[in-house]
Structure formats: C-alpha cells, structure tokens
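K.L.:
Need coordinates for the following:
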Amino acid sequence: DENGKAKISVQYPDDVNAWTTTFIGLGEGFKYFKAEVNTQSFSEVTSRLATPSYLRVGDSCLVIGKVLNYLDTALVVQSSFEINGQKTMDSLRTVANALVDNLPVKASLDSLRLKYTLELPGGYIDGEQRIIPVVTTGMTFSNGGFIKVDKDTLIEISNPNKENYTITVLSSTEDIMLKLAEDLGNYQYECNEQLASKLIALLAQQVILEKRGEWFRHKREVERIIQKLMEGKNSWGMWGWWPHQPTDVFMTTYVLDALQQAVEADYKVQGLKLSLISLENSLLNLEPHKRVGQLYALHKAKMDVAFKFFMRDIMMDSLSISEKLKLAIVSERQKQKYDSKEIDKLLKIDMLSNKYVNEESRFGLAGSFYNMRLMAEWLDIKARSTDVEALQDFVLAQDNLHNLNTIEKASAIRILAFGNQKQPEGIVAVELNGKSISVKGESLSQIKSAKDSLMLNIETEKSLYISYSYEQFASNPKSNKENFGISTNWLDK
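P.N.:
Next up is the predicted model:
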C-alpha cells in the first residue's frame, strides 16, 4: 500500500508443525533485505500414536494412543484403534487435558497397519496411522560359485533342492569391478574401514562409468562418506577403527589412502592437509620399523618429507608382509636402495600358474587381498605387467568374490584396476538348459528349475566371468563347519 506495507493470507496445511516464512524486500539500486518469522501451528485437540519401529514374528507389545486437549474446557471424545482396517477398540470419554489408550498387539503378518483416531461430537476428526514392519527372525545366506571361462565350456550346476538361481555372465573385468562396487555400496555398516572401502569402490566405479561415457550417480554419496570420515577423526587428527577411537596406524594409513584417491578425483577433502602434517610430526617419535605405514601414506599424498632420513634405519627383516611391500613402493618412488629379491620371495605361484601373496594372521584372507593389492602396485611400478595379470587371474579364480568382506572387495577392485581392461573382440554364445541367451553384462536369468541341475553351454573366443548363486533363509541358523572347525578345551592332566 502507500505506506509500503504488504499483506497476504496463507492457509497452513492441516499438520502440526513449525513453519518458517521468509520475506525478501527489493528497493532502489537493487538493495534488498531478508527477514524470517517462525510460526508454530497446532491443533486445539489432537491425537498421537506411539509404536515400535519394527516387530519380529511372535513379538507382543503395547501400542499407545494419546488424546491432547489444549482448550480450557473438558470435551467428550470418541477414540478408537484400527489394525489392518479392522476396528478393535472404541470408547467414549470426557477429556480435561489428556487421555491415554493402550492396545496389546501380537505380530504375525509381514506388516501391521495401525490407526488411532479421535472424533468430537461436531464432526471434527484427527488421527495418525503407522505401518510397523514385521521381520522374521533368522539369517539370509547365499550359496554359489564363480568361474572364469577362456574357451568353449559346458558347466553343470547341481540343484537338488530346485532353488531360484541367479546366473550372471560378464564379459570384462570392469563388469566384475562394478558388481563388487555395487555390493560394497549396499553394505549397511560404517566403521572407518568400511567407509574407506566404500569410498575406494565408488571412486573406481566413477572412473569406469565416465570412461564408458555413462553417468555416475553417486557423487553425493562420495561426498557424504568423505565428510563422515573427516568427522570421525580423533583429537590427533588420525583414525581408529571406529570414529574418535585411539589412533590405529593401519587404519589411519588406509583411510588417508582412500581420501587421497578422492582428492585425485577432484573431490574436496577439507582438513586432510592437517591430518597429513600430524602424521608427519609423529614420525620422530616412532621407532624406525614403525614408520613404514606413515611414510607410505605421506608418499601417496605427495607430501614433501625427508624420506631418505626417516627410511635410513629401517630393516626389512623386522617388517610384516604389508610393511615390506609399502617400503618397497616408497623406496622405488624415492629412488632409495632396498632388497627387491626379498619382495620377489613374497610372490607365490599356484597350480594354475596364477600368482598371489601369502596372507597375514592379523587380517586372515583380507590380509592376503590387501597384500596382493600392494604387490600389484609394486609390480606396476616395475613395469611387470605379466605378473600383474597373474595376480588378477588369481583374484578372478576365486569362487567367493561376492562373499568377500569390505576390505577384501575394495582390495580386489584395486587389483583388477591395474593395466588395460579393454577386452578383445570375440564371438560369445551362451545356452542355459538348451535356450540361447544374450550376454550384456547383466543378470541373464533367474529360474526355478524342476530339474536337479542347470546346464550352461558356453561358446566363446574371449574371457567370460560367470557367477551363480541362490539365497536361502534360515529361521534357526546353525554354525557351518563344512570347510573347517576350530575347538578349544582344557587338557586333563
């Protein structure tokens, strides 16, 4: 109006909530101002429903319904419960300030839809509805295998229980890396190691997809993981296995390695430099053989450190397998002398002429994959591409790739990332139980067979990677000692 005042009418949604109204004014010379007003909306008479977030089959609980009266006068209120559309309780009472209703519930279905409603004589109605998931107690596990095929092959998969098998045929190691990255991305737990492993997998996925000209849709997830890792540092600017725990040297170097990859992929990692400086400052307080992990992380981050000074007293025979490999990598890059024959001794050959590195007791099989990842990095520096391929073949020959833990999967992805992943052209024909199917790098078929076995007939002029698996649910899971069992007992003397 002529006084510069503006009025508008707003009808708030029928929801009890806090609302923020923002005013922006624009004047001469494009000067502007901004102001905000918070409004709390409420209903004079309202209902509330309190339920558990989930139930297990057979669980019992009390569901609580509340009626709240903010008026100065008492009201006659009709309250009721519904379970899956059926009214189970209905009562008419006078409410001065509040009343509470309890309803016993027993879970037996896949989910429970609960509704609590109040109604006033004039026709006013308010209510809330909740859906409670009902889960079955037990464990879902998968069973299957993984096969690399280089020539025409007939594969028979035993299926005595006529399970639903998912069979996947992939035509490049890049497809396997993408599948492993997808598995890691779906992992629900997030200690610092698991977050760093997810980050490694997502960055590898981004490289592959962008090389193919495809859209990488997980950039926000990468940024979220980076932020969570940086928030999980302890007071020294380093990392333990869980957020804010005392420093663990391996975990600190593992996280820093993953974050450095993010930096090289043009992601912003605020505070990373301070952690690296803190890591560098800790070198003087460490015995020589305990410096290797830090030196490796500082080398990967391209920090200007007196590597020669800090490496001069480190003895190779005092180091673990992973530390020997890290020292060799840093020594190669910094042009320092070391015993390369000691590193070659770590490279073993299996019956198929594939190559691998012995595992370490601290990480078990995870240590083996992690050490092989370090070995692949050293071999790549030495331009020994044939040996790198032999390491990759060992990884691809494992029949449990999709059952690996997070650090194993991240290590496997990085091993497969070395070298040129472009596959040679070749004719591929696949028959499943006599029916021709196409190979597109996706799940080919999910079937429920009436036969005791599935037959895959492969005709190929290039390498194919075949995985097959089915899922089972065990309501009363038991320990599996199919491969080995360990027991302890007192000696009776």
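
K.L.:
Low-confidence stretches in the stretch 1-150 of the chain?
P.N.:
Low-confidence segments of the stretch 1-150 of the chain, defined by pLDDT under 70: 14-16.

K.L.:
what do you get for the stretch 351-493 of the chain?
P.N.:
The low-confidence ranges in the stretch 351-493 of the chain, as defined by pLDDT under 70, are 351-352, 359-367, 399-400, 420-429, 431, 433, 437-451, 480-489, 491-493.

K.L.:
And the strands in it?
P.N.:
Applying DSSP state E, counting those that start in this stretch to the stretch 351-493 of the chain gives strands spanning 355-357, 428-432, 435-437, 443-448, 453-460, 464-474.

K.L.:
Direction included, what does the longest one pair up with?
P.N.:
Take DSSP bridges as the rule and strand 464-474 pairs in its sheet with strand 139-149 (antiparallel), strand 164-170 (antiparallel).

K.L.:
Tell me which of those sits most buried.
P.N.:
Among the strands paired with strand 464-474, strand 164-170 has the highest mean neighbour count (mean count of other Cβ atoms under 10 Å), at a mean of 20. Where you see a C-beta, it was placed from the backbone N, CA and C, and this is true even at glycine.

K.L.:
how much does it deviate in direction from strand 453-460?
P.N.:
In terms of direction (axes from the mean of the first three to the mean of the last three Cα atoms, to 10 degrees), strand 164-170 departs from strand 453-460 by 10 degrees.

K.L.:
sorry, back to before: what would the strands paired with strand 464-474 look like in CSV with distance to S43?
P.N.:
What follows is those, written out as CSV (distance: least, Cβ to Cβ, whole Å):
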stretch, distance to S43
strand 139-149, 43
strand 164-170, 50
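
K.L.:
So which of the ones you listed is nearest S111?
P.N.:
Smallest distance to S111 across the strands paired with strand 464-474 (Cβ to Cβ): 18.0 Å, for strand 139-149.

K.L.:
Off-centre distance for that closest one?
P.N.:
Strand 139-149 has its average C-alpha position 19 Å from the chain's average C-alpha position, going by Cα atoms, centre = their mean, to the nearest Å.

K.L.:
same thing with stretch 2-16?
P.N.:
Computed by Cα atoms, centre = their mean, the chain-centroid distance of stretch 2-16 equals 46 Å.

K.L.:
now do stretch 395-406
P.N.:
On Cα atoms, centre = their mean, the centre of stretch 395-406 falls 16 Å from the chain's centre.

K.L.:
could you pull out the strands for the stretch 201-350 of the chain?
P.N.:
With DSSP E, counting those that start in this stretch as the definition, the stretch 201-350 of the chain shows strands at residue ranges 347-349.

K.L.:
Please, where are all the helices along it?
P.N.:
With helices called from DSSP state H, counting those that start in this stretch, the stretch 201-350 of the chain shows them at 219-231, 249-264, 272-281, 292-300, 307-311, 321-334, 340-344.

K.L.:
Compare the ones you listed and give me the one nearest G145.
P.N.:
Among these, helix 321-334 comes nearest to G145, with 28.4 Å by Cβ to Cβ.

K.L.:
name the helices or strands packed onto the closest one?
P.N.:
Packing partners of helix 321-334 (3 or more Cβ pairs under 8 Å, 6 or more residues apart in numbering; DSSP states H and E): helix 292-300, helix 307-311, helix 340-344, helix 365-381.

K.L.:
any idea of the angle the first one forms with helix 365-381?
P.N.:
Per the same axes, to 10 degrees, the angle that helix 292-300 makes with helix 365-381 is 40 degrees.

K.L.:
which residues touch helix 292-300?
P.N.:
Applying Cβ atoms under 8 Å, 6 or more residues apart in numbering, the contact partners of helix 292-300 are 249-250, 252-253, 256-257, 260, 276, 279-280, 282-283, 286, 305, 307, 310-311, 314, 319, 323, 326-327, 329-330, 333-334.

K.L.:
Just the buried residues of those residues.
P.N.:
Buried subset of the contacts of helix 292-300 (neighbour count, 16 or more other Cβ atoms under 10 Å): 249-250, 252-253, 256-257, 260, 276, 279-280, 282-283, 305, 307, 310-311, 314, 319, 323, 326-327, 329-330.

K.L.:
So for I167, what's the nearest residue that isn't a sequence neighbour?
P.N.:
Excluding the flanking residues, the one nearest I167 by Cβ to Cβ, 6 or more residues apart in numbering is Y468, at 4.8 Å.

K.L.:
Next: S47.
P.N.:
L118 (4.5 Å).

K.L.:
helices or strands up against the helix or strand harbouring that neighbour?
P.N.:
Here L118, judged by DSSP states H and E, is contained in strand 111-119. Contacts defined by 3+ Cβ pairs under 8 Å, 6+ apart place strand 111-119 against strand 45-50, strand 60-69, strand 75-83, strand 98-106, strand 125-135.

K.L.:
change it to 10 Å
P.N.:
In terms of contacts (3 or more Cβ pairs under 10 Å, 6 or more residues apart in numbering; DSSP states H and E), strand 111-119 is packed against strand 45-50, strand 60-69, strand 75-83, strand 86-95, strand 98-106, strand 125-135.

K.L.:
Adjacent strands (with direction) for the last one?
P.N.:
Each strand that strand 125-135 pairs with, and the sense of that pairing, follows from DSSP bridges: strand 55-56 (parallel), strand 111-119 (antiparallel).

K.L.:
now do the fourth one
P.N.:
Each strand paired with strand 86-95, and its direction, by DSSP bridges: strand 75-83 (antiparallel).

K.L.:
and the angle for the partner strand with strand 45-50?
P.N.:
Using the same axes, to 10 degrees: strand 75-83 against strand 45-50 is 30 degrees.

K.L.:
now the closest residue to Q245 other than its chain neighbours: how far from Y296?
P.N.:
Nearest residue to Q245, sequence neighbours excluded (Cβ to Cβ, 6+ apart): N234, at 6.5 Å. With distances taken as Cβ to Cβ, to the nearest Å, N234 is found 20 Å from Y296.

K.L.:
And the nearest residue to K87 once chain neighbours are set aside, how far from E163?
P.N.:
With sequence-adjacent residues excluded and distances taken as Cβ to Cβ, 6+ apart, K87 is closest to S80, at 5.7 Å. Noted for S80: a distance of 46 Å to E163, by Cβ to Cβ.

K.L.:
want to throw the helices of the stretch 201-350 of the chain into TSV with mean pLDDT and distance to A196?
P.N.:
Supplementary listing: the helices of the stretch 201-350 of the chain in TSV, determined by pLDDT from 0 to 100; distance: least, Cβ to Cβ, whole Å:
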stretch	mean pLDDT	distance to A196
helix 219-231	93	7
helix 249-264	90	4
helix 272-281	86	13
helix 292-300	88	12
helix 307-311	87	24
helix 321-334	88	15
helix 340-344	87	25
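
K.L.:
Between the ones you listed, which one is closest to E174.
P.N.:
Nearest of the helices of the stretch 201-350 of the chain (Cβ to Cβ): helix 249-264, 17.5 Å.

K.L.:
by contact count, what packs against the closest one?
P.N.:
Short answer (3+ Cβ pairs under 10 Å, 6+ apart): helix 249-264 packs on helix 192-211, helix 219-231, helix 272-281, helix 292-300, helix 321-334, helix 406-416.

K.L.:
pull the CA atoms of it into CSV?
P.N.:
The C-alpha trace of helix 249-264 is given here as CSV (Å, rounded to 0.1, in the frame of the first residue of the first chain):
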residue,chain,number,x,y,z
VAL,A,249,48.4,-46.9,12.3
PHE,A,250,47.0,-49.3,9.7
MET,A,251,43.5,-47.7,9.8
THR,A,252,45.0,-44.2,9.6
THR,A,253,47.0,-45.0,6.5
TYR,A,254,44.1,-47.0,4.9
VAL,A,255,41.7,-44.0,5.4
LEU,A,256,44.3,-41.5,4.2
ASP,A,257,44.9,-43.6,1.1
ALA,A,258,41.2,-43.6,0.2
LEU,A,259,40.9,-39.9,0.9
GLN,A,260,43.9,-39.1,-1.3
GLN,A,261,42.2,-41.0,-4.2
ALA,A,262,39.2,-38.8,-3.7
VAL,A,263,41.4,-35.7,-3.9
GLU,A,264,42.9,-37.0,-7.2
